[in-house]
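J.: the sequence and its predicted three-dimensional model are supplied below.
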Amino acid sequence: MSDTPVPILMYHSVATAPNDATRALSVAPEAFAEQMALIGDLGLTPVDTAALAAGWRSGGPLPDRPVLITFDDGYEGVHRHALPVLAKHGFASTLFVSTGWIRGAYDTGGGLDAMLDWDQVRELAGAGCEIGGHSHTHPQLDQLDDDRLRAELVRSREIVTDELGAAPDSFAYPYGYSSRRVRQAVRAAGYAQALAVGNGLARRRQGPFALQRVTVRRSTGAEEFTRLLEGRAVARNFARDRALTKGYAVLRRARQVRRKAIRSRV
């Protein structure tokens, strides 16, 4: 079975005037439109997360040059700015919602900028956007105890199911971090696949619960975006991100060891 690498693009906000909290990971509407046109010009075919994972799992057919367009958190600009462009091109996509950040009955007030409401999420789903889970309150999942971890995953999945009438199959880890325990919990909660960050191309051998994505930022220009799609110089583009991620992983492991030691003394 082919292990051809696939670019999975990770977007957050698409906004003209993002706030300070989301600016670095926000993309201007004009840039997003240009990026989608580049995908078409280069002959890539967007598929959603479930389709890619199912194809890799079963050996079923995938387009020759698949690409994934994914959005995290649930910012209002995905409906306002991204949806018309995606519809124009007929592109599939996946939106991973933090259910406690979506405006409505379950809103915890944690959203970082203007967020979608459930009617808009339903419109996105109706337009062919796969809706996936992204936890309820967007915590660092590997820092939670087992009960809180399960509650974040189950609560989010139940809300999406209630609001859309179908259970989500795909999940994205908040902040991109996971651990074996978190991946097992995501699987136990009923998800069939999950996306990390990693800032590398996705490959089948990564396994369905640790597929890597590449980050699209406000600073991502057309040339860099083309390189990401073609898998050129990805490691160099994200060298600093990877160094920071490795350093933070060491810190996170140290915190976990310290907490276990404290619990063992109690």
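T.: Nice, I can see it.
J.: C-alpha only now, for contacts and for neighbours.
T.: Will do.
J.: and residue 20, how many neighbours?
T.: The local packing of residue 20 (other CA atoms under 10 Å) involves 10 other residues.
J.: cool, the one 10 residues further on as well?
T.: By other CA under 10 Å, the residues close to residue 30 number 13.
J.: with residue 100 instead?
T.: As a burial measure, residue 100 scores 24 neighbours (other CA under 10 Å).
J.: dump the residue contacts of it.
T.: Residues in contact with residue 100 (CA atoms under 8 Å, 6 or more residues apart in numbering) are 106, 107, 108, 109, 110, 111, 136, 137, 156.
J.: ok, of these, which come out buried?
T.: Among the contacts of residue 100, the ones that count as buried by 16 or more other CA atoms under 10 Å are 107, 111, 136, 137, 156.
J.: helices of the protein, residue ranges please.
T.: Per DSSP state H, the chain carries helices over the ranges 29-41, 49-58, 77, 83-89, 118-126, 146-164, 180-188, 222-230, 234-237, 239-265.
J.: between the ones you listed, which gets nearest to residue 216?
T.: Distance to residue 216, taken as CA to CA, is lowest for helix 222-230 among the helices of the chain, at 7.8 Å.
J.: residues in contact with the closest one?
T.: The set of residues external to helix 222-230 that reach it, using CA under 8 Å, 6+ apart, is 7, 34, 35, 38, 39, 67, 214, 216, 233, 234.
J.: ranking these by neighbours, who comes first?
T.: Highest neighbour count within the contacts of helix 222-230: residue 67, with 25 neighbours (other CA under 10 Å).
J.: what is the burial count for the closest residue to it other than its chain neighbours?
T.: Leaving aside its sequence neighbours, residue 67 sits nearest to residue 46 (CA to CA, 6 or more residues apart in numbering; 4.7 Å). Burial of residue 46, expressed as a neighbour count using other CA under 10 Å, amounts to 24.
J.: is it true that residue 46 touches residue 89?
T.: No. At 9.9 Å, residue 46 does not count as touching residue 89 under the criterion of CA atoms under 8 Å.
J.: hmm, back to that, distance to residue 125 and pLDDT for the contacts of helix 222-230 - can I get that in JSON lines?
T.: Written out in JSON lines, the entries for the contacts of helix 222-230 read as follows (distance: CA to CA, whole Å; pLDDT from 0 to 100):
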{"residue": "7", "distance to residue 125": "22", "pLDDT": "97"}
{"residue": "34", "distance to residue 125": "23", "pLDDT": "98"}
{"residue": "35", "distance to residue 125": "22", "pLDDT": "98"}
{"residue": "38", "distance to residue 125": "24", "pLDDT": "97"}
{"residue": "39", "distance to residue 125": "22", "pLDDT": "97"}
{"residue": "67", "distance to residue 125": "19", "pLDDT": "98"}
{"residue": "214", "distance to residue 125": "23", "pLDDT": "95"}
{"residue": "216", "distance to residue 125": "22", "pLDDT": "96"}
{"residue": "233", "distance to residue 125": "34", "pLDDT": "58"}
{"residue": "234", "distance to residue 125": "31", "pLDDT": "63"}
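J.: pick the one among those residues closest to residue 27.
T.: With CA to CA as the yardstick, the closest approach to residue 27 among these comes from residue 216, at 7.6 Å.
J.: ok so, going back, can you say which of the helices of the chain is nearest to residue 207?
T.: Taking CA to CA, helix 49-58 is the member of those nearest to residue 207, at 9.1 Å.
J.: tell me the buried residues in the closest one?
T.: Residues of helix 49-58 classed as buried under the neighbour-count rule (16+ other CA under 10 Å) are 49, 50, 51, 52, 53, 54, 55, 56.
J.: go on, stretch 175-192?
T.: Burial within stretch 175-192, assessed by neighbour count using 16+ other CA under 10 Å, is assigned to 176, 177, 178, 182, 183, 185, 186, 187, 189, 190, 191, 192.
J.: what pLDDT does the model give the third one?
T.: What it means is residue 178. What the model reports for residue 178 is a pLDDT of 93.
J.: residues in contact with residue 89?
T.: Remark: with contacts taken as CA under 8 Å, 6+ apart, residue 89 is in contact with 36, 40.
J.: before we move on, what about residue 26?
T.: Applying CA under 8 Å, 6+ apart to residue 26 gives the contacts 11, 12, 13, 14, 15, 18, 217, 218.
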